[in-house]
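Asker: fold the following for me, if possible:
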Amino acid sequence: MASSPGSFEIEKVDHTGITVTSLHDALEFWVNVLGFKHLYTRRFPNDPFIENVVGVPGAALTLAMVEAAGQSIELLEYHAPDNRTVMRPRSCDCGSVHVGLCVDDLDALLERIAESGWHPIGFPQTVEEGERAGLRLAYVRGPDGVTLEFLQDGERTR
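Answerer: As a prediction, this is how the structure comes out:
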């Protein structure tokens, strides 16, 4: 296919960013509960660079990058500005986002994360038909309102 002016191609997904109220608590969950590897933590004081990247005057933050199974998650704790809010959108609310992660034992995962303040939004479900028949899945929500979807391959449920 010929390239046209302004054309581009997405090469890969680099990471998914999630803003949290406590980087300490988020790392506890992602590393010690889910088993992600903590790659690094970096602090960004307020300056024009960070303000222009995130589009927030006065922004200052600390971020930590974690990784598992080829998926990188960037956890961000903003220290400024002071007028930050915590959003807890429902799955149907525009702007709501979730990250889907495949697991080998959905029931064991749900038991483990419950101890960390993360709970299913509804009940685990099994896809009945189509190309994903047999797949078990559940949406869970954490204390910051972040939603994750955990999926268990249908072959492991039989």
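
Asker: hmm, Asp47 and Ala59 touching each other?
Answerer: No - applying CB atoms under 8 Å as the test, Ala59 and Asp47 come out as separate, 9.2 Å apart. In this view, the C-beta of every residue, glycine as well, is placed from N, C-alpha and C.

Asker: quick one, which of these two is more surrounded?
Answerer: Legend: neighbour count by other CB atoms under 10 Å for Ala59 and Asp47, higher for Ala59 (21 against 10).

Asker: so what's that one up against?
Answerer: Phe44, Asn46, Ile50, Glu51, Tyr78, Ala80, Pro81 (CB atoms under 8 Å, 6 or more residues apart in numbering).

Asker: if we use 6 Å, what do you get?
Answerer: Contact partners of Ala59, counting by CB atoms under 6 Å, 6 or more residues apart in numbering, are Ile50, Glu51.

Asker: and the gap between it and Arg42?
Answerer: Relative to Arg42, Ala59 is positioned 14 Å away (CB to CB, to the nearest Å).

Asker: repeat that for Thr147.
Answerer: For Thr147, the distance to Arg42 equals 26 Å [CB to CB].

Asker: one more: Trp118?
Answerer: 26 Å.

Asker: chain neighbours aside, what residue packs nearest to Arg136?
Answerer: Gln152 (4.3 Å; CB to CB, 6 or more residues apart in numbering).

Asker: most centrally placed residue in the chain?
Answerer: Val99 (4.8 Å; CA atoms, centre = their mean).

Asker: name whatever forms a beta bridge with that residue.
Answerer: Counting by DSSP bridges, Val99 forms beta bridges with Leu148.

Asker: that one and Leu148 touch, don't they?
Answerer: Yes - judged on CB atoms under 6 Å, Val99 makes contact with Leu148 at a distance of 5.5 Å.

Asker: rounded mean pLDDT for the lengthiest helix in the chain, please.
Answerer: Longest helix in the chain, counting residues (DSSP state H): helix 106-114. Helix 106-114 comes out with an average pLDDT of 93.
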